[in-house]
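Undergrad: Mind folding the following:
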Amino acid sequence: MSFWVPASIAFLWSVVSVLINIVRIIVRGLRKRPQIKFAKTRFLRPALTIIIFLTVAFLVHQSLLSANKYGIEAAKKIQAIVDVNGICPEKIQEWEVYKWDPNQCVTKYGKYGTKYPIRYMASQDRKEFTIMVYNNFDERLYVSGGVNLELKAVHSGPGWDVDVPIE
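TA: Numbering: from 1, shown residues only. Next up is the predicted model:
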């Protein structure tokens, strides 16, 4: 959040700046006035700001997609173990034990620099499990499965749920 608020303000300011400069050039052209020599350089800073913001936003989005994919792939592996053993694993060995609940495991994953927390939880009887990928403060991808259950993925936010197909 500490990055996105000022970055969004700079992005919007740059978009407005570019639009104002375009209008100025058009008006000067319609009035048949000569263009100011540095009119082209007025586009440099706002254009770079827009390009950098869009690039970072794209990379963050790609990182989020990779974390969601990782959560689904981890759930597929756990479901394969459940199908063989008839019980959900208590913990995932490669993941860390969650510091506030020793019955849960966590890891962070994401390509392109941004890492997203992913949590694994098994039910008390170890017949069901859930993997949560934290996308934002109030947005998560839940992938659940278990004994005699099919894998199900749901992208959830405040007041909405969307089923996600598992390939």
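
Undergrad: Please make it C-alpha for all contacts and neighbour counts, starting now.
TA: Will do.

Undergrad: and the longest strand for the protein?
TA: strand 149-157 (DSSP state E).

Undergrad: And the average pLDDT for it is what?
TA: Strand 149-157 shows a mean pLDDT of 89.

Undergrad: residues in contact with the residue positioned nearest the centre of the chain?
TA: Centroid-nearest residue in the chain, with Cα atoms, centre = their mean: L64, separated by 2.8 Å. By Cα atoms under 8 Å, 6 or more residues apart in numbering, the contact list for L64 reads 110, 114-116, 135.

Undergrad: Now the element after the longest strand of the chain, going C-ward?
TA: As assigned by DSSP states H and E, the chain's next helix or strand after strand 149-157 is strand 160-164.

Undergrad: Contacts for that following strand next, please.
TA: With Cα under 8 Å, 6+ apart as the test, strand 160-164 has contacts from 152-156.

Undergrad: distance from the centroid: which residue in this structure tops it?
TA: Centroid-distance maximum for the chain: K32 at 49.0 Å, with Cα atoms, centre = their mean.

Undergrad: quick one on the thing from earlier: what helices or strands is the longest strand of the chain leaning on?
TA: The elements that strand 149-157 packs onto, with contact taken as 3 or more Cα pairs under 8 Å, 6 or more residues apart in numbering; DSSP states H and E, are helix 44-85, strand 140-146, strand 160-164.

Undergrad: Next, format these as CSV and append mean pLDDT and distance to N103.
TA: Formatted as CSV, the helices and strands packed on strand 149-157 follow (pLDDT from 0 to 100; distance: least, Cα to Cα, whole Å):
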stretch, mean pLDDT, distance to N103
helix 44-85, 91, 16
strand 140-146, 92, 16
strand 160-164, 88, 26
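
Undergrad: Of the ones you listed, which stretch is the most buried?
TA: Compared across the helices and strands packed on strand 149-157, strand 140-146 shows the largest average neighbour count, a mean of 23 (mean count of other Cα atoms under 10 Å).

Undergrad: Hmm, M132 is touching V143, no?
TA: Yes: with contact defined as Cα atoms under 8 Å, M132 counts as touching V143 (6.4 Å).

Undergrad: which residues do the two both contact?
TA: Common contact partners of M132 and V143 (Cα under 8 Å, 6+ apart): G71.

Undergrad: Among the contacts of L64, name the ones in strands.
TA: Among the contacts of L64, the members falling in strands (DSSP E) are Y116.

Undergrad: Write the ChimeraX selection for whichever of the contacts of L64 are buried.
TA: Selecting only the buried entries of these in ChimeraX, with 16 or more other Cα atoms under 10 Å as the criterion:
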select :110,115,116,135
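
Undergrad: quick one: which of the contacts of L64 is nearest to K91?
TA: Distances from K91 to the contacts of L64, taken as Cα to Cα, are shortest for Y116 (19.0 Å).
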